[in-house]
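Q: Build me a structure from this.
(chains A and B)
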Amino acid sequence: MHLALFIIFAGLCVAGALNLLFQRHPINSALSLIVVMSSLAVLYLLLGAEFLAAAQVIVYSGAIMVLFTFVIMLLNAGREERTHGSKLAYIAGFPGAAALLGLLTFIFLNRRSSFGQAQLGEYLATTGDLSRVLFRDLLLPFEVTSVLILIAILGAVALARKEH
Amino acid sequence: MVPIACYLVLGAILFSIGVAAFLIKRNIITVFLSIELMLNAVNLTFVAFSRRWSQVSGHLQVNGQLFVFFVMVVAAAEAAVGLAIIIAVFRARNTLNVDSIDLMKL
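A: Numbering: from 1, shown residues only, chains lettered A, B, ... in the order given. All right, here's what the predicted structure looks like:
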């Protein structure tokens, strides 16, 4: 059950990410990123993080991606054109990313016995468990992030405003 | 039963695809989307390691999941400000191609 769900949604994740990479129109890339984020929510649920799964759907594939698609439609972004700068990126980008992937995969698979196995249903972190730590030990960082969000709102309004 | 290493490898795959998309894409919005993809890949790694720490210590540990929570908050703030900057750049230069936004290049 766990393995089947993992394979299905990991496959959806990788397929969506590759689609983001190979699509040339930004709206297609944004929609495939929504697939990646929603599948990641299921993987969080498999790992027992139920609050994060809900927050992933609400914050990431809800709020942030709606913002992205809204801006893409507002700016009427068309297909991206190739320039000579992107050829250099092709030559350097794919081998660099492949080397990074190879290194990380080698390390993780080499030490896989020390990472253990994940079983469905054990160590389920409920919202109560999370909030007990968040509002006791991490109260100051939590309050500081509210100031950060306030500043981000002010910055977004000031930057996007039309100047007269 | 799925080895936690599988989750970590999936995170590595998503992060590498994000790096490749960041380097190859020429549209500023798609570059920004690939940054979000990399953040999501790191979040998956955090949740997987949080689970592993619970197993090792024998009782529930949620610090890794709270780190993901803070990453989500910062990502939301970053998306709002970044998209406002993209709108401002588009108004000023009328293009979304990162190659033609080169005012600070020597």
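
Q: Show me where chain A has its helices.
A: With helices called from DSSP state H, chain A shows them at A:2-22, A:26-46, A:50-55, A:65-75, A:84-110, A:112-115, A:127-136, A:139-160.

Q: any chance of these in JSON lines, plus mean neighbour count?
A: For the C-beta atoms, the positions are set from N, CA and C on the backbone; glycine is no exception. Converted to JSON lines, those look like this (neighbours: other CB atoms under 10 Å in any protein chain shown):
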{"stretch": "helix A:2-22", "mean neighbour count": "18"}
{"stretch": "helix A:26-46", "mean neighbour count": "22"}
{"stretch": "helix A:50-55", "mean neighbour count": "20"}
{"stretch": "helix A:65-75", "mean neighbour count": "18"}
{"stretch": "helix A:84-110", "mean neighbour count": "14"}
{"stretch": "helix A:112-115", "mean neighbour count": "14"}
{"stretch": "helix A:127-136", "mean neighbour count": "14"}
{"stretch": "helix A:139-160", "mean neighbour count": "13"}
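
Q: will you turn the ones you listed into a markdown table that also has mean pLDDT and distance to chain B?
A: Formatted as a markdown table, the helices of chain A follow (pLDDT from 0 to 100; distance: least, CB to the nearest CB, whole Å):
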| stretch | mean pLDDT | distance to chain B |
| --- | --- | --- |
| helix A:2-22 | 93 | 4 |
| helix A:26-46 | 94 | 5 |
| helix A:50-55 | 93 | 6 |
| helix A:65-75 | 92 | 5 |
| helix A:84-110 | 85 | 3 |
| helix A:112-115 | 85 | 4 |
| helix A:127-136 | 92 | 5 |
| helix A:139-160 | 93 | 4 |
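
Q: and the ones you listed as JSON lines, adding distance to B:Leu66?
A: Shown next, in JSON lines, are those (distance: least, CB to CB, whole Å):
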{"stretch": "helix A:2-22", "distance to B:Leu66": "23"}
{"stretch": "helix A:26-46", "distance to B:Leu66": "13"}
{"stretch": "helix A:50-55", "distance to B:Leu66": "9"}
{"stretch": "helix A:65-75", "distance to B:Leu66": "23"}
{"stretch": "helix A:84-110", "distance to B:Leu66": "23"}
{"stretch": "helix A:112-115", "distance to B:Leu66": "21"}
{"stretch": "helix A:127-136", "distance to B:Leu66": "6"}
{"stretch": "helix A:139-160", "distance to B:Leu66": "9"}
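
Q: Out of these, which is closest to B:Ala80?
A: helix A:139-160 (4.4 Å; CB to CB).

Q: From the contact counts, what lies against that closest one?
A: When contacts are defined as 3 or more CB pairs under 8 Å, 6 or more residues apart in numbering or on different chains; DSSP states H and E, helix A:139-160 packs onto helix B:63-93.

Q: Check which residues of the helix it packs on are buried.
A: By 16 or more other CB atoms under 10 Å in any protein chain shown, the buried positions in helix B:63-93 come out as B:64-73, B:75-90.

Q: now it and helix A:127-136, what's the angle there?
A: 70 degrees (axes from the mean of the first three to the mean of the last three CA atoms, to 10 degrees).

Q: and the angle for helix B:63-93 with helix A:139-160?
A: Going by the same axes, to 10 degrees, helix B:63-93 makes 10 degrees with helix A:139-160.

Q: how far does helix B:63-93 sit from the chain's center?
A: Put simply, helix B:63-93 sits 10 Å off its chain's centre (CA atoms, centre = their mean, to the nearest Å).

Q: try stretch A:111-130
A: On CA atoms, centre = their mean, the centre of stretch A:111-130 falls 20 Å from the chain's centre.

Q: quick one, what contacts the residue minimising distance to the centre of chain A?
A: Geometric centre of chain A, nearest residue: A:Met37, 5.5 Å, by CA atoms, centre = their mean. Listed by CB atoms under 8 Å, 6 or more residues apart in numbering or on different chains, the contact set of A:Met37 reads A:Gln56, A:Val57, A:Tyr60, A:Ser61, A:Met65, B:Asn40.
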